[in-house]
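*Asks:* Got a sequence here, can you model it:
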Amino acid sequence: MMTNALPTPYRYAVYFAPPPDNPWWHIGSQWLGRCAAGGALKPMPPINGISEEAFRQATAAPRRYGWHATLKAPFTLASGTDADQLQAALRTIAASTRSFEMPPMKVALLDDFLAIVPQPLSEAANALAARCVTELHPWAAPLSATELQRRRLAPLSPAQDALLERWGYPFVLDEFQLHCSLTGSLKHMNSQQVQNLQQAAQVWFANLPPCNFESLALFAEPTRGADFVLQEHVRFSA
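*Replies:* Residues are numbered from 1 along each chain as shown. As a prediction, this is how the structure comes out:
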């Protein structure tokens, strides 16, 4: 449970993330080399043809955010709102949502990074992500001019730029694809290294049980630039 006695985090994010006692959480966190719930981890898996240092570099970006799939991208609280109100809004969404099983989760290369994605796409997950984007928007502060400029450094389509302006993130609603990132950009790796990573990931995640979507995970960035940490799971109760 959150409490106002604690310092207000720099940003919050709402994710799909399995509970820490779920094998999906353990295996995903071990791949990234970090448990956002504070648990101990075994060493990251060895990758054929890739050094441990290179593997840690390749996974540095998703490691900071913890094992997850984004529903509501990181945001600072809007002026005049607080964490208790955000938590209440999460409970409102969760109270009208039923748990469901995700389609089979497969390793895929998305643009220039590896991720796990449901195949076929989950309409239920996409609809829930849309609710999180729109219904939690009143609690998100508008992006600053600097943040907008930083987002626009990446090439965005006109539709994505309009979503960025309206919702603070370009890859939402019609541009959304649920995924759990396994790496950051792999542009610095050659095709054989990317293939080795993809094959290793396919083996690493091959024998997990079906993945259930049964809660919203609230993560927080304690201070600017810090690693995100899991604060709580808000279970679905419809």
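*Asks:* Next one: residue 20 from residue 234, what distance?
*Replies:* According to Cβ to Cβ, to the nearest Å, residue 20 and residue 234 sit 15 Å apart. Backbone N, C-alpha and C define where each C-beta goes, glycine included.
*Asks:* Sorry, wrong one. I was asking about residue 81.
*Replies:* To residue 234, residue 81 is 17 Å away according to Cβ to Cβ.
*Asks:* which of these two has more neighbours?
*Replies:* With neighbours defined as other Cβ atoms under 10 Å, residue 81 and residue 234 compare such that residue 234 has more, 20 against 15.
*Asks:* Okay, helices next: where are they in the chain?
*Replies:* In the chain, the segments counted as helices under DSSP state H are 23-32, 52-58, 60-65, 83-95, 123-135, 145-151, 158-167, 191-204.
*Asks:* Just name the most buried of those.
*Replies:* For the helices of the chain, the largest average neighbour count (mean count of other Cβ atoms under 10 Å) is found in helix 23-32, namely a mean of 20.
*Asks:* Now tell me what touches the lowest-mean-pLDDT helix or strand in the chain from outside.
*Replies:* For the chain, the helix or strand with the lowest mean confidence is helix 145-151, at a mean of 89 (criterion: mean pLDDT, DSSP states H and E). If you take Cβ atoms under 8 Å, 6 or more residues apart in numbering as the criterion, helix 145-151 is touched by 143, 164-165, 169-170.
*Asks:* then that helix to PDB, C-alphas only?
*Replies:* Coordinates of the C-alpha atoms in helix 145-151 are reproduced here as PDB (Å, rounded to 0.1, in the frame of the first residue of the first chain):
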ATOM      1  CA  ALA A 145       8.300  21.400 -24.200                       C
ATOM      2  CA  THR A 146      11.700  19.700 -23.500                       C
ATOM      3  CA  GLU A 147      10.000  16.300 -23.100                       C
ATOM      4  CA  LEU A 148       8.000  16.800 -26.300                       C
ATOM      5  CA  GLN A 149      11.200  17.700 -28.200                       C
ATOM      6  CA  ARG A 150      13.000  14.600 -26.800                       C
ATOM      7  CA  ARG A 151      10.200  12.400 -27.900                       C
END
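*Asks:* from the chain's centre, how far out does that helix sit?
*Replies:* Computed by Cα atoms, centre = their mean, to the nearest Å, the chain-centroid distance of helix 145-151 equals 20 Å.
*Asks:* Could you tell me the end-to-end distance of stretch 131-149?
*Replies:* 26 Å (Cα to Cα, to the nearest Å).
*Asks:* meant to ask about stretch 97-108, not that
*Replies:* Its first and final residues considered, stretch 97-108 spans 28 Å by Cα to Cα.
*Asks:* For it, could you pull out the residues that count as buried?
*Replies:* In terms of neighbour count (16 or more other Cβ atoms under 10 Å), stretch 97-108 has its buried residues at 97, 102-103, 105, 107-108.
*Asks:* what's the model's confidence in it, averaged?
*Replies:* When the per-residue pLDDT values of stretch 97-108 are averaged, the result is 95.
*Asks:* Which residues does that stretch contact?
*Replies:* Residues lying outside stretch 97-108 but in contact with it, judged by Cβ under 8 Å, 6+ apart, are 114-122, 124-125, 128, 179-180, 182, 198, 201-202, 205, 208, 210-214, 236-238.
*Asks:* Give the buried subset of those residues as a ChimeraX selection command.
*Replies:* Burial among the contacts of stretch 97-108 is assessed by 16+ other Cβ under 10 Å; the matching ChimeraX selection reads:
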select :114,115,116,117,118,122,124,125,128,179,180,182,198,201,205,208,211,213,214,236
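*Asks:* Tell me which of the contacts of stretch 97-108 fall in strands.
*Replies:* Of the contacts of stretch 97-108, the ones assigned to strands by DSSP state E are 114-118, 180, 212-213.
*Asks:* Done for today, thanks.
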